[in-house]
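1. Sequence unavailable; structure follows:
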């Protein structure tokens, strides 16, 4: 495996990996750790991909698995609230992120993959190890939950 190829893959998949890790873990430090772990696994395993979609699915699946490992860690029992000093461009983006972080992990994951990674339900199912029907149901529930949270907080402008 060449260093140039590795750098190209990191440039191509890095933003998606980091965004998903951050959305799942709500911590910049944890997201950076997962990012490094995912690309370390890539370099060690050297997988060959059939298509760009297969490559993206592999990275997102490994990212979700690494996030689950972080959540299972014993030190994770002490969860600290997200620091408001994170660099969001607008207050609305911060408010939306804060409301998203209130959702259960499985709903955050499908919303993130659907809206930020632009993945269809079938692809999300492959990445999460679920069925397309279950993903559609999770999206429906997550949207309903987000709507309720936004209305409760009076954030209809978000």
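-> Everything's here; your move. From a predicted model like this one, the values you see are computed outputs, not experimental measurements. Numbers count the residues shown, from 1 in each chain.
2. Helices along the protein, start to end?
-> Assigned helices in the chain, in chain order: 3-25, 28-45, 52-72, 91-100, 105-111, 121-128, 132-153 (criterion: DSSP state H).
3. worst average pLDDT in the ones you listed?
-> If you rank the helices of the chain by mean pLDDT, helix 91-100 sits at the bottom with a mean of 70.
4. Grab the nearest non-local neighbour of residue 136.
-> residue 121 (5.1 Å; CB to CB, 6 or more residues apart in numbering). (C-beta placed from N, C-alpha, C; glycine too.)
5. Was I right to think the one you found contacts residue 132?
-> Yes. Counting by CB atoms under 8 Å, residue 121 does reach residue 132; the two are 4.7 Å apart.
6. ok, the two, which is more surrounded?
-> The neighbour count for residue 121 versus residue 132, taken as other CB atoms under 10 Å, is higher for residue 121 (20 against 14).
7. and that one, how far is that from residue 135?
-> 4 Å (CB to CB, to the nearest Å).
8. ok, and the closest non-adjacent residue to the residue nearest to the spatial centre of the chain?
-> Nearest residue to the geometric centre of the chain (CA atoms, centre = their mean): residue 20, 1.9 Å. Take residue 20 and drop its neighbours on the chain: the residue closest to it by CB to CB, 6+ apart is residue 63, 4.9 Å away.
9. Domain map for this protein?
-> 1-82, 89-158 (automatic domain parsing).
10. thinking again about what came up before, for the residue nearest to residue 136, give me its contacts.
-> 114, 132, 135-136, 139 (CB atoms under 8 Å, 6 or more residues apart in numbering).
11. If you rank those residues by neighbours, which is first?
-> Neighbour-wise, the contacts of residue 121 (other CB under 10 Å) top out at residue 135, 25 neighbours.
12. Correct me if wrong: it contacts residue 126.
-> No. Between residue 135 and residue 126 there is no contact under CB under 8 Å: 9.5 Å.
13. how close does residue 2 sit to residue 43?
-> Residue 2 is 11 Å from residue 43, by CB to CB.
14. what about the closest residue to residue 12 other than its chain neighbours, distance to residue 27?
-> Spatial nearest neighbour of residue 12, excluding adjacent residues (CB to CB, 6+ apart): residue 55 at 7.8 Å. With distances taken as CB to CB, residue 55 is found 26 Å from residue 27.
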